[in-house]
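In: give me a model of this one.
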Amino acid sequence: MAVKGPASPSEGKPPAHFRAKKPPRNPVAEIPAAMNSKPKRSQPLVGFEDSHSVLPMNTPTPSPDRIMQTGMAFWASKVLLSAVELEVFTDLARKPADGDTLRGRLGLHERGARDFLDALVSMGFLERENGVYRNTPETDLFLDKRKPTYLGGILEMANHRLFPSWAHLTEALRTGEPQSETKHEADTFGALYADPARLREFLRAMSSVSRRANQAIAANFPWKDYKTFVDLGTAQGDLPAQIALKNPHLAGIGFDLPQVEPVFEEYIRSLGLADRLRFAGGDFFADPLPSADVVLLGHILHDWDLPRKRALLVKAHAALPTGGAVIAYDALIDDDRRERTHGLLMSLNMLVETPGGFDYTGAECQRWMRDAGFRETRVEHLLGPDYVVIGIK
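Out: Numbering: from 1, shown residues only. Below is the predicted model of the structure:
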């Protein structure tokens, strides 16, 4: 996912403290996978060669495969999302089963059950041997709700909230208006947080989608140079939790709207970190920010329009001492806006979900940081589609 065109000086070889091995390409992680694939060469059917073709002899005939794969990719997405909703992988993690037994345990109608389960086999999410279904190593690790490595929270939210909202992408493109269930609300997050069930689902989803990036930040940033930090828009508190677990000398604050406090405290207590992490309630646009050596903005800046992005960075700068750092990470778009499909799709997700949010390039964020007063900035690859932008006061 690296930039293939000319890179800015700050996007060269990353410093050792954030240098990580690039993960292998995972077609499932970039939905739809076909969007980033190259068109396959197709051969004309024997007897149907077009003698009047205007293409040179060595030019491959255009194929519709990628168009059709991408256009129908929602079939595969919905099969996986429904499997998560039905807890197929959690059930099979307890005990593999034959088709009839599994159908009974999941409460499925016999008409579609076999095709559904075998589609999951064909897609690589289940294995079947002698009629017995079981998880693959990946689904057993990441889609079993009982494991701490569970990443299904974001897929649960995608199924309940994002999938219906994205059905109205065309309307969003025509109007510039969000299409989520909170589209008629002036305060998107206030409305979302007002419903306790939706709030918990959203906060769990944020932990799920961010955990590996949070662990990378906890392990690779030079925390030995700092003593305190504050995480803005902390959600369930997974970013401060991962940092505290990896760095016992640090104390931190999770800052979010007051409705989040019970969920944050429950999560932090479950990890035994209540003595080093605390919650601060407030609106990070309207209220003063807690002072700290490091200010974190994990998957936060992309939620807001440009004036509010800039305002947050100005407030972060004011909350830091000289030498303090701001760390912002999102699925950055490459500077040439042609390579990182995930970042571009995430920006469209912000169109569908928020009144003014959008994703951005590393060069743009560095410019906003410099305008806010940060004397040094750099962009570094974190992992997967996520990149981190660091500013030093």
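
In: could you list the domains of the chain?
Out: Structurally, the chain divides into domains by automatic domain parsing as follows: 73-142, 209-392.

In: tell me which helix or strand Val230 sits in.
Out: For Val230, the element it lies in under DSSP states H and E is strand 228-232.

In: what does Ala119 give?
Out: Element membership for Ala119 (DSSP H and E) is helix 110-122.

In: what about Pro385, how many neighbours?
Out: 21 (other C-beta atoms under 10 Å). Backbone N, C-alpha and C define where each C-beta goes, glycine included.

In: ignore the last one, Glu87
Out: 16.

In: give me the distance between it and Val132.
Out: Distance check for Glu87 against Val132: by C-beta to C-beta, to the nearest Å, it reads 18 Å.

In: just Ser210 next, same as before
Out: Remark: distance between Ser210 and Val132 (C-beta to C-beta) = 35 Å.

In: higher neighbour count, those two?
Out: With other C-beta under 10 Å as the criterion, Ser210 and Val132 differ in neighbour count, and Ser210 comes out ahead with 21 against 14.

In: correct me, but that one touches Pro240?
Out: No - in this structure, Ser210 is not within contact of Pro240 by C-beta atoms under 8 Å, at 11.6 Å.

In: so where is the stretch 1-150 of the chain shaky, pLDDT-wise?
Out: Where the stretch 1-150 of the chain drops to pLDDT under 70, the residues are 1-57.

In: where along it do the helices fall?
Out: With helices called from DSSP state H, counting those that start in this stretch, the stretch 1-150 of the chain shows them at 65-71, 73-85, 88-94, 99-106, 110-122, 137-142.

In: so which of the ones you listed is the most packed in?
Out: Across those, averaging neighbours per residue (mean count of other C-beta atoms under 10 Å) puts helix 88-94 on top, at a mean of 21.

In: need the contact partners of that helix.
Out: Outside helix 88-94, the residues that touch it by C-beta atoms under 8 Å, 6 or more residues apart in numbering are 83, 97, 102, 105-106, 117, 120, 125-126, 133-135, 139-140, 143-147, 152.

In: how does it look with 10 Å?
Out: The set of residues external to helix 88-94 that reach it, using C-beta atoms under 10 Å, 6 or more residues apart in numbering, is 80, 82-84, 87, 97, 102, 105-106, 108, 116-117, 120, 125-127, 132-136, 138-147, 150, 152.

In: what about Arg338, which SS state?
Out: When the structure is reduced to helix, strand and coil (DSSP: H, G, I helix; E, B strand; the rest coil), Arg338 reads as coil.

In: surely Thr377 and Gly391 touch.
Out: Yes - applying C-beta atoms under 10 Å as the test, Thr377 and Gly391 come out as touching, 4.9 Å apart.

In: those two: who's more crowded?
Out: Just comparing Thr377 and Gly391: by other C-beta under 10 Å the higher neighbour count belongs to Gly391, 26 against 20.

In: quick one: average pLDDT of the longest helix belonging to the chain?
Out: As assigned by DSSP state H, the longest helix anywhere in the chain is helix 196-220. For helix 196-220, the per-residue pLDDT values average out at 84.

In: that'll do, ta.
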